[in-house]
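**Student:** here is a sequence together with a model predicted from it:
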Amino acid sequence: MPGSVAGVPNGQDPQEVGMRAIPIVSRRGAARGLATVASLALVASVLALGGAGAGRASADTYPYFSTQPLGANIGGGIKTGDEGVPWSVQPVVSLDSPDPTYTYTVSLQIDPSSPDTGGPGYLYCGSGTTVAMIGGHAQFSGCDIDTAGTAYSLLATVNGSTDLGMVLPPMQVTSLAFNIRGAGPSPISTQIQFTTQPLGANLGGSRPSAPAGRSWGVQPVVSVLNESGGVVTSDNSTVVQLRVTDGTPMTGGPGNLSCSSGTSMTVRNGVARFSGCAIDVPGTYYQLTASTYSTGSTRVLADQSLAFDITGGSTGARAKFTTQPLGANLGGPVPSAPSGTPWSTQPVVSIVDASGRVVTTDYDTVVTLSIDSQSPRGGTLACAGGLTQQVGAGVVGFYGCGITGPGTGYVLRATARSLAGNLIYDLSLPFTITSVASALDQYPSAYTVTPNQNLTLTATLSGKGANGQSIVFQRQQAGDSGWVNLGTAQTSATGVATYTFVPTWTASYRSVFNGAGGLSAATSGPDSVAVQSVVTLTPTSPTSVKKGTTVKYTARVVPTPGGSASVRFLFYQYRNGAWAYSTQRSVSLSSAGAATLAWKWATAGKWYVVANAPTTAWYAQGSSKTIRVTVK
């Protein structure tokens, strides 16, 4: 039955309509870091969804794994976890440019096409496998897979809806691959123990004591032990955390435990040696609890120390961080800030008495901030109001403080001097200074190019010291196992770098800055660029044949596809004063990009024939010029 071809209304000359390629690329058509040519088809399928109550996702809205499972990263070695053991790095799925009128949820599952070997596995997450997005991010926790396999990947599905019942089409993104190791290790320990008690307490001996706020003469040591009571010297992964045991002290308190080493430590050769520990409020019968989390064990081990006292009578006034730099919290995550940037939460130091109360009558003590000697070297501390300030009512708030020089484990020292002399200093909780924040954006010179046409990628690096930096340009196209380096270019004085080349096929491109000169690493979002196929149809004559004549038509497609592809030969007849679609034949392309059709002109009349190459992973669709034939 004659009819019409999509995009070619009946009654119109297909040559007038153009039969040209319809690029199906978008500015941000794929998830950051995981863009593939298949994403072009994904965009088309998402836009095709709809119906009553359906919303439409913005072309700039797309999901991506901002944190890959097990910390996988492009270009790095494949990460490996143990079956049934929660991963050390948990996945985070983010949404670029989320619509604030929508509420988003993310569902996580094992990609049905994975693993390559082993499996099938079951994904379990302590947070649940469906998590609500907060601020454009969905953070999963406690995730593991219970069966060994290679090249597992996760599939995240983002759903959005409004209070008015509008529902977005689902958006999906796949994680990088990772392995799950079989027969996961048995627990690396059966117990932990205070092998050195706080303050040197010993069973049956007198209860030791130390002044409030002063580091103990004997610091706690916690060891990981095996069934025989021996130290597991091969253990360098278990994390030991110290805290004041719930319900203690018996009198006085409550007190806060601080350690200059930090209250969480990773064991070395099975032993965690804490240092600079103190409790700030007097009390009797304090105890400490040590607990563990190990990347090699699902067991949480714990031990309680012997009792000890914290006294107040022998301790005079001392300095105390009552607001920690960067808002650090005891037992909470270690905060961070970019190098050279004033902190969002500034330190406050108070002068407290032996009972931990602020000495509100003190207007004379001078407090000086400095970087403690245990911190990374090379950093410089500066505060807008100066590093030395005088207290008012026992309190001084510093402002405009920041450190120039990246490093992990920075600690501040607050040194106080009163009219009577130096007071006991205080050390802050640790924090991290990151490299200077940078951003990398990229734009191609075109989103559709013809074969052999130059394409220029322009990357702009922002941040202090963005000039003279090396930018790596990468490609991902059909047949690539991942991102492939194309070349490098140096940024100009304005942070701009360009790279010009001739694309072979449709592909996604991105630029990568690996971090240097105090600037943090950055990766641009991917840009999809389609290569427009060019189709030629021969012979162009004869234009008049007798009914029953067979003509061999050959279509040639450039660029040559990298796999199986075909060409459609479309035939139109002029009837009732208009051109109408009649029929078509599909012929596979040879490895040289040619397809031949022997066509018998069996019906008299005026005809058009045109060859069309549908969109593939290698090129966008294209059509030949039409050939007009009169059949007598």
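**Tutor:** Cool, got the structure.

**Student:** and Thr289, what does it touch?
**Tutor:** Leu242, Arg243, Val244, Thr245, Asp246, Ala302, Asp303, Gln304, Ser305 (Cβ atoms under 8 Å, 6 or more residues apart in numbering). To be clear about C-beta, it is placed using only N, CA and C from the backbone, and glycine gets the same treatment.

**Student:** cool, Gln346 as well?
**Tutor:** Gln346 is in contact with Thr323, Pro325, Gly397, Phe398, Tyr399, Gly400, Cys401, counting by Cβ under 8 Å, 6+ apart.

**Student:** thought Thr263 was touching Val244?
**Tutor:** No: using Cβ atoms under 8 Å, Thr263 makes no contact with Val244, being 9.9 Å away.

**Student:** circling back: from the contacts of Thr289, which is closest to Leu387?
**Tutor:** The closest of the contacts of Thr289 to Leu387 turns out to be Leu242 (Cβ to Cβ; 30.7 Å).

**Student:** how far is the helix or strand hosting Leu570 from where the chain is centred?
**Tutor:** Secondary structure assignment for Leu570, by DSSP states H and E: strand 566-575. How far strand 566-575 lies from its chain's middle: 49 Å, per Cα atoms, centre = their mean, to the nearest Å.

**Student:** and the helix or strand following it, which residues are buried?
**Tutor:** Per DSSP H and E, the first helix or strand lying C-terminal to strand 566-575 is strand 578-588. Across strand 578-588, burial judged by 16 or more other Cβ atoms under 10 Å covers Trp579, Ala580, Tyr581, Ser582, Val587.

**Student:** mean confidence score for strand 578-588?
**Tutor:** For strand 578-588, mean pLDDT is 95.

**Student:** which other helices and strands does that strand contact?
**Tutor:** strand 566-575, strand 594-601 (3 or more Cβ pairs under 8 Å, 6 or more residues apart in numbering; DSSP states H and E).

**Student:** which residues are in contact with the next helix or strand after the last one?
**Tutor:** If I follow you right, that is strand 594-601. Of the helices and strands lying after strand 594-601 in sequence (DSSP H and E), the nearest is strand 605-613. Residues from elsewhere that reach strand 605-613 (Cβ under 8 Å, 6+ apart): 13-15, 19, 533, 535, 537, 553, 555, 557, 565, 567-575, 579, 582, 595, 599, 601, 619, 621-631.

**Student:** ok, Arg510 to Pro526 distance?
**Tutor:** 5 Å (Cβ to Cβ, to the nearest Å).

**Student:** one step back: the strand holding Leu570 to strand 578-588, inter-axis angle?
**Tutor:** 160 degrees (axes from the mean of the first three to the mean of the last three Cα atoms, to 10 degrees).

**Student:** any buried residues in strand 566-575, and which?
**Tutor:** Quick answer for strand 566-575 (16+ other Cβ under 10 Å): Ser566, Val567, Arg568, Phe569, Leu570, Phe571, Tyr572, Gln573.

**Student:** ok, it: who's next to it in the sheet?
**Tutor:** Counting by DSSP bridges, the strands paired with strand 566-575 are strand 578-588 (antiparallel), strand 605-613 (antiparallel).

**Student:** which neighbours do Thr263 and Val244 have in common?
**Tutor:** With Cβ under 8 Å, 6+ apart as the test, Thr263 and Val244 both reach Leu257.

**Student:** circling back to that earlier point, of Arg510 and Pro526, who's got more company?
**Tutor:** Pro526 (28 against 24; other Cβ atoms under 10 Å).

**Student:** backbone dihedrals for the more buried one, please?
**Tutor:** Dihedral pair for Pro526: phi -80, psi 150, per degrees, to the nearest 10.

**Student:** what distance do you get for it to Ile74?
**Tutor:** 11 Å.

**Student:** do Asp116 as well
**Tutor:** As judged by Cβ to Cβ, Asp116 and Ile74 stand 18 Å apart.
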